[in-house]
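S.K.: here are the coordinates; sequence isn't available:
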């Protein structure tokens, strides 16, 4: 496409592409009511090194088509070899960690048509996956009622994608990852436990589970988490762990926890807590793992709430000590393994005017919202986010005026907010790259995580429901509605 | 775990780990009857560079635990910094491209306990994902009846994992990928088409779909595939494509194809074929894309078979010209986004003896088969693979003797094959890494693809069914059965 544009002299025409997704993830038996933005800075880091190398150009020069002749002409390759998308593209975006919704621009790229087109696949590749995982992490963290959440998924991740997945999981609500490389990159300590094989090796050598635990405790006296289900959780694992914990305490160390990885996790958590309490360890963590996700966690907590009283356990103290190790179902977003994010041309400059671009579809909800747009979030007086609004660039949007909110494709569906209804109007898009300069001071993991938690607090509880969440409204201004209708009328003529 | 082993002097004990998966992928409404092995050489390439760097060691040295003191001791780090897993581990494996089944060793690692343990996550990360994708590609290629299959998934892939995914897809049956970086790495030409935005840009600039097509055709006169559904497939796209194809032919070029990306793909393929035939282009390809997978392809082909006669089209010629562009659902294995492959300690050496290692589970099918094992594939006299057999290292297995095939956990389920029943006995595990030497001459993509097709031909049709496939038998010898029973009796004592 870049070469065809080049040949026609269209390659340098200013163009605007918008990245958005049409639907929240749908996991089959449940679905998300919102998404968490993530991956932007990973994409920008990639973009910084995206200038084609001499090797890249030579590779393209050597590609031949069906007839055996070269696919790419010398003039096009000469042009391409002197182009740097990083210095020529402008990127505006919703900041990482912010809550985002379907059909609104999450990432906006403006620049020469051919260059802006070339970054489509890398942008979608970097950002779609991280939004998918940050969103899943936020849901799992919510279902786990905010208790410590560890990302455990590298062995089942889609190869190197697991590193970005760990990053995204931490933006969405995971507290640590067992992925050492990703943790190192992010500046967080990796957190994990030992595997069954540690105990099995001892057993095979004629030693005992207790000896295995003692060996592990001696290596990590202040960070000792013992996996207690290799032999028999309640009759061997927990009693042996307690013995080792007592030895640790006698030597001046405090044990950290036990991990349960099989069987009825809720029941075993209750029974283990009882044994640990009786032995004087009411504080050590109980780490749960094994195909956890938001639905499993909800059920585990429900069962714990029902079983704990039978064993005379104080419910809140028990839940407080839970830690979740979540692997496969988080890092691959089991049930819906992709975010359908797209990157669409929405406007192109002809002379001094931006021409809005339309793509019709048989289904009205698939018609992208054309033209250059601004994006605002509207809050009510309680500070709840009530809708996101897309407006034309020339429209003024602020707290002191009434706002007309039009449904993107149902004409009869609209509402008007008077200034009394509006607590705050917040522009969501910020400039991250302009004229070769990255504008992202203070973009840290702590900041992303804080943004996510802030936005979640301001989201209506109905939208946050794990099951059957309420739809959040993304509206367009009447100006955008009219623009769209005009374009639809004249389409293809 | 490595440090705890080191502290106890167990780190250098020879150990054997086996990588296997317990179940074929289950996509919810359908499931696989076999898997295609892939990812081994990608893992071996990683292993070649796995020796810890000074930076790595310094990073570990700086990690501190809860108490603030260092997690890793100097002696352990000194030992680790002089260890190279590549030169100390032996890797035996089923070759890439071969069909593999649940509960049999796909990859086997032997070497010092601590080092063999350290490569668990990288091995699983590299190989699980590629098996998942190679398997899905084989299923989609089969459902597409062997017509050209293009991998289109990078924009929805799990970030960089998409590169290995493209590789795995090609092992399993995809013919080319639109992923330029992966294609370049594999030495295959990348194949793709243009996007809707190409036509939209022309429309927005006041030009026409026809002019867009002409521009694209001029850039790629011998490789011209036109996306015909931006405006109206049958009333604009295909007629405009035909006009451009005629112009190309008049200039001595042959057009390659059209692409359909929305609407009723089967119906539009039939109608487009009719128009193309009438215009004198009965050979140009019809590329189908849009959320394709094996079930969608089956339904499309079924509908084409039912509709084509109504339009007087010759069925086989129509099916012959189809090309499938398969993206999201292949590269993320939608429906089952992970392979549950595990890496289990199965034996450890004590003195001169290998001690088999067991891991009990409440569910008998989750008890891994203990001990060092060989793996054979048995063929009948028609050349069909009839079962895979796990035997103890000292057992002799060949065509001239009867073989006892025991179900891995149902005692009463066994059969005996006499020499007359056995056409061929084939050992499946080959040595790939030994004493720092890679033994993989002739391991090329062509070879992997050929192995896959050969194995698929020798697999029973029932096992290959897309829906509700028959189970393939993986059996153990009576010697392995007895070993397992002995270990279960004495477990944990």
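M.R.: Perfect, thanks for sending it. From a predicted model like this one, the values you see are computed outputs, not experimental measurements.
S.K.: off-centre distance for the strand or helix carrying residue A:349?
M.R.: Using DSSP states H and E, residue A:349 maps to strand A:341-350. Distance of strand A:341-350 from its chain centroid, counting by CA atoms, centre = their mean, to the nearest Å, is 24 Å.
S.K.: residue A:353: how many residues sit nearby?
M.R.: 9 (other CB atoms under 10 Å in any protein chain shown). All C-beta spots, glycine's among them, are computed from the backbone N, C-alpha and C.
S.K.: who is it paired with across the strands?
M.R.: Beta-bridge partners for residue A:353, by DSSP bridges, are residue A:350.
S.K.: which positions in the strand holding residue A:349 come out as buried?
M.R.: For strand A:341-350, a neighbour-count test (16 or more other CB atoms under 10 Å in any protein chain shown) marks A:341, A:342, A:343, A:344, A:345, A:346, A:347, A:348, A:349 as buried.
S.K.: ok, for the residue of chain A positioned farthest from its centre, nearest residue in space, not its chain neighbours?
M.R.: No residue in chain A sits farther from the centre than residue A:206, which is 46.2 Å out by CA atoms, centre = their mean. Distances taken as CB to CB, 6 or more residues apart in numbering or on different chains place residue B:350 nearest to residue A:206, at 7.2 Å, with adjacent residues excluded.
S.K.: residues contacting that neighbour?
M.R.: When contacts are counted by CB atoms under 8 Å, 6 or more residues apart in numbering or on different chains, residue B:350 is found next to A:204, A:205, A:206, B:13.
S.K.: mind giving me the domain ranges of chain A?
M.R.: Domain assignment for chain A, taken from automatic domain parsing, gives A:2-118+A:340-490, A:193-290.
S.K.: present those as JSON lines; the columns should include mean pLDDT and distance to residue B:36.
M.R.: As requested, the domains of chain A are exported to JSON lines (pLDDT from 0 to 100; distance: least, CB to CB, whole Å):
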{"stretch": "domain A:2-118+A:340-490", "mean pLDDT": "95", "distance to residue B:36": "25"}
{"stretch": "domain A:193-290", "mean pLDDT": "97", "distance to residue B:36": "27"}
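S.K.: which strand or helix spans the closest residue to residue A:227 other than its chain neighbours?
M.R.: Among residues not flanking residue A:227 along the chain, residue A:259 sits closest, at 4.6 Å (CB to CB, 6+ apart). Assigned by DSSP H and E, residue A:259 belongs to strand A:257-260.
S.K.: after that strand, which helix or strand is next? Please name it.
M.R.: Next helix or strand after strand A:257-260 toward the C-terminus (DSSP H and E): helix A:265-278.
S.K.: what's that next one packed up against?
M.R.: Secondary-structure packing of helix A:265-278 (3 or more CB pairs under 8 Å, 6 or more residues apart in numbering or on different chains; DSSP states H and E): helix A:238-250, strand A:257-260, strand A:285-289, helix A:294-307, helix A:315-320.
S.K.: TSV for these, including mean neighbour count and distance to residue B:333?
M.R.: Below are the helices and strands packed on helix A:265-278 laid out as TSV (neighbours: other CB atoms under 10 Å in any protein chain shown; distance: least, CB to CB, whole Å):
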stretch	mean neighbour count	distance to residue B:333
helix A:238-250	19	37
strand A:257-260	25	28
strand A:285-289	22	22
helix A:294-307	18	21
helix A:315-320	15	35
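S.K.: hmm, back to that, now, which of the buried residues of strand A:341-350 lie close to chain B?
M.R.: Restricting the buried residues of strand A:341-350 to those touching chain B (CB under 8 Å from any CB of the partner chain) yields A:341, A:343, A:344, A:345, A:347, A:348.
S.K.: for residue A:226, give me its contacts.
M.R.: Counting by CB under 8 Å, 6+ apart, residue A:226 touches A:193-194, A:213, A:216-217, A:237, A:240-241, A:244, A:255, A:257-259.
S.K.: tell me how many other residues surround the nearest residue to residue A:84 once chain neighbours are set aside.
M.R.: Spatially, and ignoring its direct neighbours in sequence, residue A:84 is nearest to residue A:51 (4.2 Å; CB to CB, 6+ apart). Residue A:51 has 15 neighbouring residues, counting by other CB under 10 Å.
S.K.: now do the contacts for residue A:51.
M.R.: Neighbouring residues of residue A:51 by CB under 8 Å, 6+ apart: A:83, A:84, A:85, A:86.
S.K.: buried only: go through those residues for me.
M.R.: The neighbour-count test (16+ other CB under 10 Å) marks A:83, A:85, A:86 as buried among the contacts of residue A:51.
S.K.: so residue A:339 makes contact with residue A:20?
M.R.: No - if you go by CB atoms under 8 Å, residue A:339 and residue A:20 don't touch, sitting 10.5 Å apart.
S.K.: quick one: which of those two has more around it?
M.R.: Comparing residue A:339 with residue A:20 by other CB under 10 Å, the one with more neighbours is residue A:339, at 26 against 23.
S.K.: which SS class is the more buried one?
M.R.: coil (DSSP: H, G, I helix; E, B strand; the rest coil).
S.K.: can you check residue A:416 too?
M.R.: strand.
S.K.: who does the closest residue to residue A:95 other than its chain neighbours bridge with?
M.R.: Once flanking residues are discounted, residue A:95 sits nearest to residue A:430: 5.9 Å by CB to CB, 6+ apart. On the basis of DSSP bridges, residue A:430 is bridged to residue A:93.
S.K.: number of nearby residues for residue A:430?
M.R.: Neighbours of residue A:430 under the rule other CB under 10 Å: 14.
S.K.: any idea how far it lies from residue A:60?
M.R.: As judged by CB to CB, to the nearest Å, residue A:430 and residue A:60 stand 34 Å apart.
S.K.: swap in residue A:253?
M.R.: Noted for residue A:253: a distance of 61 Å to residue A:60, by CB to CB.
S.K.: how many residues are close by residue A:483?
M.R.: Residues near residue A:483, counting by other CB under 10 Å, number 19.
S.K.: what's the answer for residue A:352, then?
M.R.: For residue A:352, the neighbour count with other CB under 10 Å is 5.
S.K.: give me the most central residue, chain A.
M.R.: Centre-nearest of chain A using CA atoms, centre = their mean is residue A:134, 2.0 Å out.
S.K.: show me where the stretch 51-200 of chain A has strands.
M.R.: Applying DSSP state E, counting those that start in this stretch to the stretch 51-200 of chain A gives strands spanning A:90-93, A:99-100, A:107-112, A:148-151, A:176-177.
S.K.: would you turn those strands into CSV with distance to residue A:402 and mean neighbour count?
M.R.: Formatted as CSV, the strands of the stretch 51-200 of chain A follow (distance: least, CB to CB, whole Å; neighbours: other CB atoms under 10 Å in any protein chain shown):
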stretch, distance to residue A:402, mean neighbour count
strand A:90-93, 27, 22
strand A:99-100, 25, 28
strand A:107-112, 27, 23
strand A:148-151, 43, 25
strand A:176-177, 47, 26
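S.K.: closest to residue B:33 out of those strands?
M.R.: Among the strands of the stretch 51-200 of chain A, the nearest to residue B:33 by CB to CB is strand A:148-151 (32.7 Å).
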